[in-house]
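Peer 1: sequence and computational prediction follow.
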Amino acid sequence: MQGIIFNDGGSLPLPPGITREWVKAAAETRNEDEKLFPLIREAFWKKIELGVHVPTYPQFRDMIGQFLDIIKDEKKCYEPYIVKEEHAKILELEIIDEVAKLYTEESGETLDIRVCVAGPTDLYMQAFGATAFRDVYHYLAMDVDRFIRQAFETVKHCRIALVALDEPSLGMNDRIRFFDPDIVSVLTLASTYARQQGADVEIHLHSPLKYEIVCETPINVIGFEYAATPSYLDLLDKKVLEASDTYVRPGVARTDISNLIGTINEECGVNAWKEPEYMQKIVTEMETPEVIRKRLEKVCAELGDRVKYAGPDCGLAFWPDRELAFKLLENTAKGINAFNKENKTLY
């Protein structure tokens, strides 16, 4: 084993003057590729430079919307909610493949990447709320599988090592109880092609409350937000993970920016939103490499070799400062690398 593998959640803040609405329109109309493509390529290359082992393509669009908008478009479907293969594409993968090519030319190595797709449960909740249409729930799982299939066909110069299903509703939203009998079959269906290609499949949760259900599926990595909520570690049983050969991907760097800034405001008696220089304390005093290393150490002390990946709790789209977000990624890399160096005999 090469040590704990650092991957990121995907999303990042946009540069000043560029909005998520603009990115959404540019991706849909393809009228401004000359501006959109460099934006995404630069951010992806920055992740590599900062030390993300398995970077996710930069997400500047709404995670659910970028998939659901296609799925709900009748012109792009065979029938309602069954998307056509040729439309089940992630534009960002086409864009970053050129960066992967350059990486290989410079390093002589193939870049491993992480692809993150909105999971069928979150897609369903966004579209229908608590109204139960079990057939559509399964259709959405098929759609997710199609997006993943097209992802593998899109990239030519990198290797999709990890596919993540973004499912924060699982374990956080009581309204999905009526789906409990279907969750195993739906997650199994959604992850079919990724597993056939030999990729690890992660389910990104906020809370691991329903992790035992995930352990009944072929999904082999459970991501959860440990850094902000350390008590989540108490929900996991190493024996259950071992019995199902399931690994975990704990968040070891906090991304709950409002709470982080709230702490600074309280401790310093300031309003850091208006005095942004105080925000630097997040990466110089709070989320430091040493703090991140110690969090990872705690998780590994409890779960041992069941820990395979680590990274920030979630994405960084709503961080107020782009450089601050990049610094968190850099600190995370340093913390994970320090842990790996100290524990090289174990990993």
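Peer 2: Right, received. Where do you want to start?
Peer 1: roughly how far does the residue lying farthest from the centre of the chain sit from residue 131?
Peer 2: What lies farthest from the middle of the chain is residue 269; by CA atoms, centre = their mean that is 34.0 Å. Residue 269 is 48 Å from residue 131, where distance means CB to CB, to the nearest Å. C-betas here are computed from N, CA, C, even on glycine.
Peer 1: residue 77 now?
Peer 2: In terms of CB to CB, residue 77 sits 20 Å off from residue 131.
Peer 1: can you check residue 152 too?
Peer 2: From residue 152 across to residue 131, the span is 33 Å (CB to CB).
Peer 1: same question for residue 160.
Peer 2: Separation of residue 160 from residue 131 (CB to CB): 34 Å.
Peer 1: re earlier: which one's more surrounded, residue 77 and residue 131?
Peer 2: residue 77 (17 against 10; other CB atoms under 10 Å).
Peer 1: got the phi and psi for the residue lying closest to that one once chain neighbours are set aside?
Peer 2: Nearest residue to residue 77, sequence neighbours excluded (CB to CB, 6 or more residues apart in numbering): residue 83, at 5.3 Å. Dihedral pair for residue 83: phi -70, psi 150, per degrees, to the nearest 10.
Peer 1: and for residue 30?
Peer 2: Main-chain dihedrals, residue 30, degrees, to the nearest 10: phi 60, psi 30.
Peer 1: in which helix or strand does residue 44 reside?
Peer 2: Using DSSP states H and E, the element containing residue 44 is helix 33-50.
Peer 1: quick check: what element follows that helix along the chain?
Peer 2: Downstream of helix 33-50 (by DSSP H and E), the next one is helix 65-71.
Peer 1: buried sites along that next one?
Peer 2: Across helix 65-71, burial judged by 16 or more other CB atoms under 10 Å covers 66, 67, 68, 70, 71.
Peer 1: show me what it is packed up against.
Peer 2: Secondary structure elements in contact with helix 65-71, counted by 3 or more CB pairs under 8 Å, 6 or more residues apart in numbering; DSSP states H and E, are helix 20-29, strand 111-118, helix 120-128, helix 134-154.
Peer 1: residues contacting it, please?
Peer 2: Counting by CB atoms under 8 Å, 6 or more residues apart in numbering, the neighbours of helix 65-71 from elsewhere in the structure are 24, 27-28, 76-77, 81, 83, 87-88, 90, 117-118, 123, 126-127, 140, 143-144, 147.
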